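Q: Need coordinates for the below:
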Amino acid sequence: MSDETTTEEPRHITIAFDGACLGNPGPGGYGAILINDRTGSEKIVKGRDAATTNNKMELSAAIAGLNALRPGAFVNMLGDSQYVIKGFTEWLPNWKLRGWKAAGGKPVANVEFWRLLEMAVARHESVMWTWVKGHAGHELNERVDGIASGEAARA
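A: All right, here's what the predicted structure looks like:
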């Protein structure tokens, strides 16, 4: 029996995520590109829903991307959705303190998605959020937008 323990090298992953909807509500799709920052290897996750909203697809993209990784990664989430990024980093703590009520006292929209996102984030060592302007030529954002839009068209 050996006293040696093996330690896995920390995994640093960039996830570009996006959602799309044809009409709002309407058919929608989402996509995420997962990139291992050390090796450059990529994985794509995607999905669609025949009747949904853009915000649900944005949240679904983030959730699916995070859940496609083994737990314990250091993740940089890259997206053009201020709804998801500000929602998670700024608004969510207050929503929870108010019993999932928005500032005006109304129930928070898409609570089930926010809870799933919270669980997906909790699986990892750390998750940072980076906002990029959509449709502005950012290569990863343009690629993931194409995936999400393609899924919406197939929904």
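Q: now the helix-or-strand element of the chain with minimal mean pLDDT: how far from the chain's centre is it?
A: Within the chain, confidence by mean pLDDT, DSSP states H and E is lowest for helix 92-97 among all helices and strands, at a mean of 95. Distance, stretch centre to chain centre, for helix 92-97: 19 Å (CA atoms, centre = their mean, to the nearest Å).
Q: Output the contacting helices and strands for that helix.
A: helix 111-122 (3 or more CB pairs under 8 Å, 6 or more residues apart in numbering; DSSP states H and E). C-beta: built from backbone N, CA, C; applies to glycine.
Q: For the helix it packs on, give the mean pLDDT please.
A: Mean per-residue pLDDT for helix 111-122: 98.
Q: Tell me where the chain has helices.
A: For the chain, the helices defined by DSSP state H occupy 54-67, 82-86, 92-97, 111-122, 139-154.
Q: Could you figure out how far the last one is turned away from helix 54-67?
A: Using axes from the mean of the first three to the mean of the last three CA atoms, to 10 degrees, the interaxial angle of helix 139-154 with respect to helix 54-67 works out to 120 degrees.
Q: Now the most centrally placed residue in the chain: closest residue in space that isn't a chain neighbour?
A: Geometric centre of the chain, nearest residue: A62, 1.1 Å, by CA atoms, centre = their mean. Distances taken as CB to CB, 6 or more residues apart in numbering place F17 nearest to A62, at 4.9 Å, with adjacent residues excluded.
Q: got the contact list for that neighbour?
A: The contact partners of F17, by CB atoms under 8 Å, 6 or more residues apart in numbering, come to 30-33, 58, 61-62, 64-65, 77-79, 81, 84, 144.
Q: which pair in those spans the largest distance?
A: Maximum pairwise distance among those (CB to CB): 15.6 Å, between I33 and V84.
Q: Neighbour count for those two, which is higher?
A: Each of I33 and V84 has its neighbours counted (other CB atoms under 10 Å); V84 has more, 26 against 22.
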